[in-house]
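Student: make a model of this:
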Amino acid sequence: MAISSDIGLGSGLNIKEIVSALVKADTDPKQNQITRQSTNNKAYISGVGALRSALTDFTTAMNKLNDKAAPSFRAYAASSASDSVVKATASDSAVAGSYDIVVKNLATSSKVASQSFEDGPAHSIPPGELSISQGGKVYKITVGDDATLQTVRDQINSELSASGISANIVNGKDGARLVLGSTTTGKGSDISVSGIDELKIDGTKSMAAAGAGYIDALAQDALITIDGLAVTSASNTIKDAVSGISLELTGKSAENVATKVTVVANNDGLKTSIQSFVDAYNALQKAISSLTNVTEDADGNKVLGSLTNDPTTRSLLSDLRKVLVEVGPGDRLTSLSQLGINTQKDGTLEFNSTKFTAAMEDKKLGGEVQELFTGTNGLFERMNKVVDTYNGTDGILAKRKAALDKVDKNLSNQQATLDLRIESLTASLTKQYVALDTALGKMKAQANQITSIFDAMNAQAKNS
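Tutor: Residues are numbered from 1 along each chain as shown. Next up, the predicted model:
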């Protein structure tokens with residue numbers, strides 16, 4: 001019921017204030033409870049989200065340092081005077097030194113072509129079983145009715161791409177040819193085709209002589225010299241021709257011009273990688289501290305972090321710190337402290353460069369650093385297991401977040417219910433007080449009317 005004024009016309013009472021006070025007295029305890037629980041729950045949700053984000057950042061940093069394509073903890077570093085001729089990488093088994101490399105030939109793959117067809121890609125190919133041979137392996141393609149040069153090309157690409165064989169059609173002045181190539185390199189890897197006469201290719205003969213055959217040359221091995229010693233390889237990646245060094249051939253050398261490959265101890269690189277790990281761990285530790293520490297505001301009041309005294313967070317920190325002090329899988333290098341890494345009072349790590357240098361130069365531990373960090377059951381593997389337990393898709397924190405979200409929804413439902421009660425109680429009390437005010441108004445009018453009658457009677461009596 002709407003009222004035109006907060007003040008009752010019949011009673012002079014402030015109906016709005018009275019109703020508000022009564023509603024507040026009835027609902028404030030529940031409202032305070034919901035508000036308190038919602039504030040705490042939202043703080044937990046925010047804290048868990050921030051913790052998961054920090055753990056994700058830490059995992060990303062570890063994964064970057066553990067990139068198999070670009071290992072970060074190699075004991076030796078190899079460099080080439082000309083990457084356009086040869087690139088070099090060194091493993092932990094390398095030995096410091098320098099080598100003169102001459103690339104005489106790169107390893108090449110087979111490229112062959114069929115006879116030419118004047119009517120182009122639409123040329124009809126008879127049905128049959130097409131056999132494509134390479135290096136002792138035979139691949140079968142069943143060509144159906146109504147096939148064309150184009151459909152055979154598409155079928156080869158569909159069925160043999162996983163085996164490294166591809167096909168295309170080249171339109172030359174004498175017509176269209178089916179051209180086959182391969183990712184396999186090295187002598188003896190030439191492609192031959194049989195089974196359907198029109199597409200027959202002898203990959204060991206030049207197509208210039210027979211109409212079908214290899215295009216430029218037979219597939220060949222790579223040929224290099226290392227300090228004058230000849231080395232051949234079916235691939236342009238040559239491993240362990242020099243112990244612990246991988247060579248990637250990228251181009252032929254100018255005649256009699258050697259490219260120097262140098263291998264040195266990678267102490268600076270190891271130091272940089274270790275510092276990167278220390279920085280990543282410290283960033284995680286500081287993020288957790290900001291969520292759990294008790295601080296003071298400008299007025300000196302204590303302010304709790306969103307995860308202060310949270311048992312899950314304490315458990316996470318404990319598990320991470322256990323990994324830091326566990327014995328690693330190496331022979332001589334088994335702990336971080338041997339590299340100058342120690343835990344400080346605030347939980348962060350300190351990296352002592354003097355102790356690290358001694359470990360590298362005096363104790364010669366560089367060859368075991370990679371195993372300590374990225375080897376089987378190494379530091380990163382153990383760290384990732386801990387982090388995944390908490391931050392995995394079905395981990396502890398994911399389940400915690402789901403439970404907190406459920407509480408948040410329940411509190412929202414309680415608030416909606418309470419809002420309806422406030423609205424209903426306000427309307428009910430307002431209606432009652434308006435009715436009371438109306439009744440008081442009528443009684444006041446009646447009293448005034450009686451008073452008027454008596455006044456009139458008294459006046460008449462005086463006049464008579």
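Student: okay, CA-based contacts and neighbour counts for the rest of this
Tutor: Noted.
Student: residue 56: how many residues sit nearby?
Tutor: By other CA atoms under 10 Å, 17 other residues sit near residue 56.
Student: look at it and report its pLDDT.
Tutor: Looking at residue 56, its pLDDT is 96.
Student: and if you look at residue 123?
Tutor: So, for residue 123, pLDDT stands at 94.
Student: return the distance of it relative to residue 169.
Tutor: For residue 123, the distance to residue 169 (CA to CA, to the nearest Å) stands at 11 Å.
Student: comparing these two, which residue is more hemmed in?
Tutor: residue 169 (18 against 15).
Student: please, which helix or strand holds the more buried one?
Tutor: Counting by DSSP states H and E, the element that carries residue 169 is strand 165-172.
Student: what's that strand packed up against?
Tutor: Helices and strands touching strand 165-172, by 3 or more CA pairs under 8 Å, 6 or more residues apart in numbering; DSSP states H and E, are helix 149-160, strand 175-185.
Student: what comes up buried for the last one?
Tutor: In terms of neighbour count (16 or more other CA atoms under 10 Å), strand 175-185 has its buried residues at 176-182, 184-185.
Student: then the longest one?
Tutor: Within helix 149-160, the residues that count as buried by 16+ other CA under 10 Å are 149-153, 155-157, 160.
Student: thought residue 184 was touching residue 163?
Tutor: No. Using CA atoms under 8 Å, residue 184 makes no contact with residue 163, being 9.1 Å away.
Student: can you find the helix or strand of this protein with the lowest average pLDDT?
Tutor: Every helix and strand in the chain was compared by mean pLDDT, DSSP states H and E; the lowest is helix 207-210, with a mean of 74.
Student: list of residues touching the helix or strand just after that one?
Tutor: Counting by DSSP H and E, the next helix or strand C-terminal to helix 207-210 is strand 213-214. Here strand 213-214 makes contact (CA atoms under 8 Å, 6 or more residues apart in numbering) with 110-114, 201-207.
Student: residue 54: which of those is nearest?
Tutor: residue 110 (51.0 Å; CA to CA).
Student: look up phi and psi at the most centrally placed residue in the chain.
Tutor: When CA atoms, centre = their mean is applied to the chain, the residue found nearest the centroid is residue 60 (6.5 Å). Dihedral pair for residue 60: phi -60, psi -40, per degrees, to the nearest 10.
Student: same deal with the one 3 residues further on?
Tutor: When quoted as degrees, to the nearest 10, the phi and psi of residue 63 stand at phi -60, psi -40.
Student: where exactly do the strands run in the stretch 51-200 of the chain?
Tutor: 76-80, 86-90, 97-105, 109-113, 124-125, 128-134, 137-143, 147-148, 165-172, 175-185, 191-194 (DSSP state E, counting those that start in this stretch).
Student: which elements pack onto the second one?
Tutor: For strand 86-90, the elements it packs on are strand 76-80, strand 245-249, strand 259-265, judged by 3+ CA pairs under 8 Å, 6+ apart.
Student: hmm, 7 Å instead?
Tutor: strand 76-80, strand 245-249 (3 or more CA pairs under 7 Å, 6 or more residues apart in numbering; DSSP states H and E).
Student: now these in JSON lines, with distance to residue 340, mean neighbour count and mean pLDDT?
Tutor: Listed next are the helices and strands packed on strand 86-90 as JSON lines, based on distance: least, CA to CA, whole Å; neighbours: other CA atoms under 10 Å; pLDDT from 0 to 100:
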{"stretch": "strand 76-80", "distance to residue 340": "20", "mean neighbour count": "22", "mean pLDDT": "93"}
{"stretch": "strand 245-249", "distance to residue 340": "29", "mean neighbour count": "21", "mean pLDDT": "95"}
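Student: any chance of those strands in TSV, with distance to residue 144 too?
Tutor: Formatted as TSV, the helices and strands packed on strand 86-90 follow (distance: least, CA to CA, whole Å):
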stretch	distance to residue 144
strand 76-80	52
strand 245-249	42
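Student: wait, which of those is closest to residue 352?
Tutor: Closest among these, using CA to CA: strand 76-80, at 21.2 Å.
Student: follow-up on the earlier one: for residue 234, find the nearest of the helices and strands packed on strand 86-90.
Tutor: Closest among the helices and strands packed on strand 86-90, once you apply CA to CA, is strand 245-249, at 11.6 Å.
Student: where's residue 230, which helix or strand?
Tutor: Element membership of residue 230, judged by DSSP H and E, is strand 229-233.
Student: who does that strand pair up with?
Tutor: Strands that pair with strand 229-233, judged by DSSP bridges, come out as strand 222-226 (antiparallel).
Student: what residues does the partner strand touch?
Tutor: Contact with strand 222-226 is made by 99-107, 230-236, as judged by CA atoms under 7 Å, 6 or more residues apart in numbering.
Student: at 8 Å instead, please
Tutor: With CA under 8 Å, 6+ apart, strand 222-226 has contacts from 99-108, 186, 230-236.
Student: so the residue lying closest to residue 61 once chain neighbours are set aside versus residue 314, what's the distance?
Tutor: Excluding its sequence neighbours, the residue lying closest to residue 61 (CA to CA, 6 or more residues apart in numbering) is residue 280, at 6.4 Å. For residue 280, the distance to residue 314 equals 19 Å [CA to CA].
Student: of the two, give the one with the bigger neighbour count.
Tutor: Taking other CA under 10 Å, residue 280 and residue 314 do not tie; residue 280 has more neighbours (20 against 14).
Student: the domain parsing of the protein - what is it?
Tutor: What automatic domain parsing lists as the domains of the chain is 1-74+267-464, 76-106+222-265, 109-214.
Student: report the distance from the longest helix belonging to the chain to the chain centre.
Tutor: Longest helix in the chain by number of residues, with DSSP state H as the criterion: helix 396-463. In this view, helix 396-463 has its centroid 58 Å away from the chain centroid, taken as CA atoms, centre = their mean, to the nearest Å.
Student: return the list of helices and strands in contact with it.
Tutor: Against helix 396-463 (3+ CA pairs under 8 Å, 6+ apart) you get helix 15-65, helix 379-391.
Student: next, format the ones you listed as a markdown table and append distance to residue 416.
Tutor: Shown next, in a markdown table, are those (distance: least, CA to CA, whole Å):
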| stretch | distance to residue 416 |
| --- | --- |
| helix 15-65 | 11 |
| helix 379-391 | 33 |
